[in-house]
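> just need the structure, nothing else, for what follows:
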Amino acid sequence: MNAPDLPLRSLPSVDKAARELGDVQGLPAPPSSPSSAASLPRRVRPAPPSTSCSASKPPSTPRQSRLRPVINGTGVIIHTNLGRAPLGPAAAARVADVATHYTNLEYDLATGERGPRAAYLEHALALCCSAEAATVVNNCAAALVLTLRHFAARPPRDHVVISRGELVQIGGGFRVPDILESSGATLREVGTTNKTTLDDYARAIDDRSAMVLKVHRSNFLHGRLRRVPPTEAIAALARERGVPFVEDLGSGANFPTESLGPEHEPTAAEVLAKGVDLVTFSGDKLFAGPQAGIIAGRAHHVAALKRNPLFRALRCDKLTFAALEATVDAHLAGDANVNLPALAMMYANPADLRARAQKILDHLNPPQHPRHPRQRPRPHRRRLPPPNRIDSIALAFTTPDPDTLSTFLRQSTPPVIGYVTEGRFQLDLRTIFPTQDALLVTALISAHRTNS
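Reported below is the predicted structural model:
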């Protein structure tokens, strides 16, 4: 069989690709002298540079979109756009070790034969969640879709009972109803956006019901106006009717969040103790690890999910396993709030932040350019309930054009990401690593010299 003719003329030249990508290590550089360009055939000569770019706002290039560290001065600890929870030193070391060597990923060292995948991790997660069993897929949405496909993809028993108050839209425009329906399930909405009763659930559960689902209200809170039945009451009803009860916690908090604010975020262990059959949550939010979707609960349900053909398509790679193992170890050891950066930031002492801010001001030239460190309540993203706030220290810069300063700092190396509010450019010290303070000072001095 002859290979089909390939439209080679439609492929970009190496020169054009290199110019478009910028200075990327490993790619050949474009011709730099007129003589070398002239010696090439016309069809591969470098195209003249485009002059259509706006001078006031430099365009984003492919090279700028390559992953690189940034200085997060937004005060948002679990920042989806900036990669959510940064890994701790132990997790990073484990990833580097596993990435650069062969591993026993699916190899039983005792028998010398093929072994189970992620056996240690699943055992550790089960301990962490006080669950009979646990497993992991590549993100929380995948965990939810897998669960729905297993329980609710077999008509006529394909109805998922869920409160209307939990049909939220999450980041990136994704809506929970769309995610649920994409799994093949049929939604059976009950109650209203601000009030759902146990009777609402009882009337909805029938012989077409595949499961009852409770979903974490990610980005909003009804406050005192919202009324829902206790989790244990829903669990008892589901058990009485012979229907599995699954709760998507989303954030994956594994510590007393009320120590940081007025709201308590339920943990997986607490929810399972109330009678929920399965719980799902993210690995890279308040669990403070890598991106992952964690599923914990009844052993027979977890085993059934792992037998589902979709499980293989959603499984994690060895690097995620390595990072998550180190993260779970920190939770089990009881030192997560010290060794996991996201949690360490939440528990950082404002007095220490103020001392760091003052040192930064002392190094700036001229010292009167920024205002004094300013204490202000800053949210650490919408992953904790919205009433929760953590007092922090922000540097507030008074400048005629704070947006220009913000743009300049975003183009520095490393990029510095802050926020503009009340007419000033501000940097929250809580989300800036102490090891980045010197880099921040360099970027700020450069910005002042360039714009003065």
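
> mind checking how far the most centrally placed residue in the chain is from residue 257?
Nearest residue to the geometric centre of the chain (CA atoms, centre = their mean): residue 84, 3.9 Å. Distance, residue 84 to residue 257, using CB to CB, to the nearest Å: 17 Å. Glycine gets a C-beta too; all of them are placed from N, C-alpha and C.

> backbone phi and psi for the nearest residue to the residue nearest to the centre of the chain once chain neighbours are set aside, please?
Of all residues not flanking residue 84 in the chain, residue 284 sits nearest, at 4.2 Å (CB to CB, 6 or more residues apart in numbering). Dihedral angles of residue 284 (phi, psi; degrees, to the nearest 10) stand at phi -110, psi 20.

> quick one: contacts for residue 284?
Applying CB atoms under 8 Å, 6 or more residues apart in numbering, one finds that residue 284 lies in contact with 78, 84, 85, 290, 291, 292.

> now with 7 Å?
The contact partners of residue 284, taken as CB atoms under 7 Å, 6 or more residues apart in numbering, are 84, 85, 290, 291, 292.

> tell me the one among those nearest to residue 134.
Among the contacts of residue 284, residue 292 lies closest to residue 134 (CB to CB), at 11.2 Å.

> was I right about the closest one contacting residue 320?
Yes. Applying CB atoms under 7 Å as the test, residue 292 and residue 320 come out as touching, 5.7 Å apart.

> where do the strands of the stretch 301-450 of the chain begin and end?
370-378, 390-397, 416-417, 419-421, 424-428 (DSSP state E, counting those that start in this stretch).

> could you tell me the least trusted of those?
Note on those: strand 370-378 shows the lowest mean pLDDT, a mean of 54.

> put the alpha carbons of the one helix or strand residue 144 maps to into PDB.
Take DSSP states H and E as the rule and residue 144 turns out to sit in helix 140-152. Output of helix 140-152 as PDB, limited to C-alpha atoms (Å, rounded to 0.1, in the frame of the first residue of the first chain):
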ATOM      1  CA  CYS A 140     -11.500  15.800  40.400                       C
ATOM      2  CA  ALA A 141     -13.800  16.200  37.400                       C
ATOM      3  CA  ALA A 142     -12.400  12.900  36.100                       C
ATOM      4  CA  ALA A 143     -13.200  11.300  39.500                       C
ATOM      5  CA  LEU A 144     -16.800  12.600  39.300                       C
ATOM      6  CA  VAL A 145     -17.300  11.500  35.700                       C
ATOM      7  CA  LEU A 146     -15.800   8.000  36.400                       C
ATOM      8  CA  THR A 147     -18.200   7.600  39.400                       C
ATOM      9  CA  LEU A 148     -21.200   8.700  37.400                       C
ATOM     10  CA  ARG A 149     -20.300   6.400  34.500                       C
ATOM     11  CA  HIS A 150     -20.100   3.500  36.800                       C
ATOM     12  CA  PHE A 151     -23.300   4.200  38.800                       C
ATOM     13  CA  ALA A 152     -25.600   6.100  36.400                       C
END
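
> which helices and strands does it pack with?
Applying 3 or more CB pairs under 7 Å, 6 or more residues apart in numbering; DSSP states H and E, we find helix 140-152 packed against helix 176-182, strand 209-215, strand 245-250, strand 278-282, strand 293-297, helix 299-307, helix 309-314.

> and the average pLDDT for it is what?
Helix 140-152 comes out at a mean pLDDT of 93.

> how big is the angle separating the helix or strand following that helix from helix 140-152?
Going down the chain from helix 140-152, the next helix or strand is strand 159-163, by DSSP H and E. Angle of strand 159-163 versus helix 140-152, following axes from the mean of the first three to the mean of the last three CA atoms, to 10 degrees, is 130 degrees.

> name every strand pairing with strand 159-163 and say which way it goes.
Using DSSP bridges, the strands paired with strand 159-163 are strand 186-190 (parallel), strand 209-215 (parallel).

> dump those to CSV, plus mean neighbour count, mean pLDDT and distance to residue 264.
Listed next are those as CSV, based on neighbours: other CB atoms under 10 Å; pLDDT from 0 to 100; distance: least, CB to CB, whole Å:
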stretch, mean neighbour count, mean pLDDT, distance to residue 264
strand 186-190, 18, 94, 25
strand 209-215, 24, 96, 16
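
> quick one, which of those strands is nearest to residue 298?
strand 209-215 (12.5 Å).

> what is the following helix or strand past that closest one packed up against?
Going down the chain from strand 209-215, the next helix or strand is helix 231-241, by DSSP H and E. Here helix 231-241 touches helix 198-204, strand 209-215, strand 245-250, going by 3+ CB pairs under 7 Å, 6+ apart.
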